[in-house]
Every structure is written in structure tokens, then in C-alpha cells.
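> only geometry, no sequence info:
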């Protein structure tokens, strides 16, 4: 009985979590008349890709997708090396006040975005990067670094000192030790930090709304938010663009789920 109850509870959680996405997928495959039908139809009579065609033709979803890939990928490629260097220094080097530094890093991640946007906008404007993809990556790197540093620092602390001593005997300096020893051993943590960074940058909306005004440089979340017209709401196009925005993350998580789970749970079962 207990096992049946657990299975039912797990099934309820899965259905509750997946149902909204499945409804968006079904909506994106309905013709316009069926989307607006009352009462709503649970399944389309005739599957149609017209919403995807209209989303591409009228809103340039492919361009939005490429922009999101560039921004999220660039943010991840910048954040992880910086976070790895900081995490190695805080976890393995004998630094005074490293606990205080880690606490300050955690506190910095708690500031609301609206409290930071004015200062960040001024900095990016001075650098001439407003309305550019690199300018959007700057606040993303700042916002994702604290979590990445904490994840990697927790992994680096668990690596045996014997490996570090062996690397030092072989003539490796701190950077070479980090690259050749720590990063491969802590691969689950590196993957976890990279994936979480990518997901955050992919989904972020507020800074994209403030820093990007050129339609050619908009990311998917901002582009989807601007799809509704003055008098109509194109539900089919919004659903199609939402599926396109969600599908890469679903595929990424399904392919790398073992590494994500091992990365998130390693700290809970080690020392």
C-alpha cells in the first residue's frame, strides 16, 4: 500500500509538472479555429504546423533562437573558467577570510535584479555595449558566478590532497593543477554549474527587456513577450515559440541528466 501511494504521488507530481508543457505543445499543433474553440479541444482534429510557420515568418523565431544560444553559450563559457579559478582559490589555497568571502559571494547573489539594473545599465552604456549581445552577457555572468563558485568550491574541497601533492611533485603550478587534475575529477560539478548557468541565461527576461531594443538582437523570452499585438493575442504563435524555447533545455537535461543528478547530490553524500 505504501509503495502504491508513493507511485501515485510521484505520478501526480509528474503530471502536474509536465501538463502545462504538453498543453502548449498541443496548442501549437492546432489550427487557429480550434485554438479559439469554446469549450477547448483537448486534442486537435487535424495536426497543423501553421503556428510554427507564422511564428517564423512574422516574428523571426529562428533569429531569436540563435541570439539566445549565443548569449547563453557565451555566458557559460565566460562564467565557468572564472568560477573555477575563484573556487579553486577559495577551496584549496590558504587564504585569510575565505569563509567571509564565500559568505559575501552568497549575499551578492541575493540582491534583486531591479536593484542592480540602474547601475549595470550605466556601466554597460559607458562601455558602449547597450543593445548588444556581449553587453547582455555581462550581467548574466555577474548573476551566475555566485552559484557556480559555490558548486565548484564544494567539489574541489572533496578532492584528496594526495592528488594535489602528486601534481605539485610533477612540477604543476596552481593553474596547471586546476586544469589537469581538479577539472577532470570534478567533472560532475563542472557540468552541473555549466548547465545551471546556461539555463539561467537562456530563460532570463528582465535584463534582456532593459538592455535590448533592436529586434535583430532580441532573445527568445523577450521576443515571445512582445508577440501579443495591440488588439489580438496570437496564441498559436506564442505556443509554437514557447515550444521552440523549451525544447533545447528539455533535450539538454535528458541527455545530461545523470551528470546533473550526480553533481547536485555529490555534496550531500561526501564528507
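Sure thing, it's come through. All values reported here derive from a predicted model rather than from experimental measurement.

> Now do the same contact list for the residue sitting nearest the centre point of the chain.
Compute the mean C-alpha point of the chain, and by Cα atoms, centre = their mean the closest residue is residue 199, 1.1 Å away. By Cβ atoms under 8 Å, 6 or more residues apart in numbering, the residues touching residue 199 are 249, 252. To be clear about C-beta, it is placed using only N, CA and C from the backbone, and glycine gets the same treatment.

> can you do 10 Å?
Applying Cβ atoms under 10 Å, 6 or more residues apart in numbering, we find residue 199 in contact with 72, 76, 144, 248, 249, 252, 253.

> May I have the predicted confidence score for it?
Confidence at residue 199, expressed as pLDDT, is 92.

> Next one: it relative to residue 206, how far apart?
Going from residue 199 to residue 206 by Cβ to Cβ, to the nearest Å gives 16 Å.

> what do you get for residue 84?
Here residue 84 is placed at a distance of 27 Å from residue 206 (Cβ to Cβ).

> do residue 102 as well
Taken as Cβ to Cβ, the span from residue 102 to residue 206 is 26 Å.

> okay, the residue nearest to residue 98 when sequence neighbours are not counted: pLDDT?
Nearest residue to residue 98, sequence neighbours excluded (Cβ to Cβ, 6 or more residues apart in numbering): residue 90, at 4.9 Å. Note for residue 90: predicted pLDDT of 87.

> which regions of the stretch 51-200 of the chain lie under the pLDDT threshold?
Under the criterion pLDDT under 70, no range of the stretch 51-200 of the chain is flagged.

> For it, which segments count as helices?
Assigned by DSSP state H, counting those that start in this stretch, the helices in the stretch 51-200 of the chain fall at 61-92, 98-108, 113-126, 133-158, 161-169, 174-177, 183-185, 187-203.

> Export these as TSV, with columns for distance to residue 230.
Formatted as TSV, those follow (distance: least, Cβ to Cβ, whole Å):
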stretch	distance to residue 230
helix 61-92	21
helix 98-108	40
helix 113-126	27
helix 133-158	27
helix 161-169	62
helix 174-177	56
helix 183-185	51
helix 187-203	27
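
> List just the one of these that sits closest to residue 18.
Closest of the helices of the stretch 51-200 of the chain to residue 18 is helix 187-203, at 17.3 Å (criterion: Cβ to Cβ).

> Now the closest one: buried residues?
Buried residues in helix 187-203, counted by 16 or more other Cβ atoms under 10 Å: 188-203.
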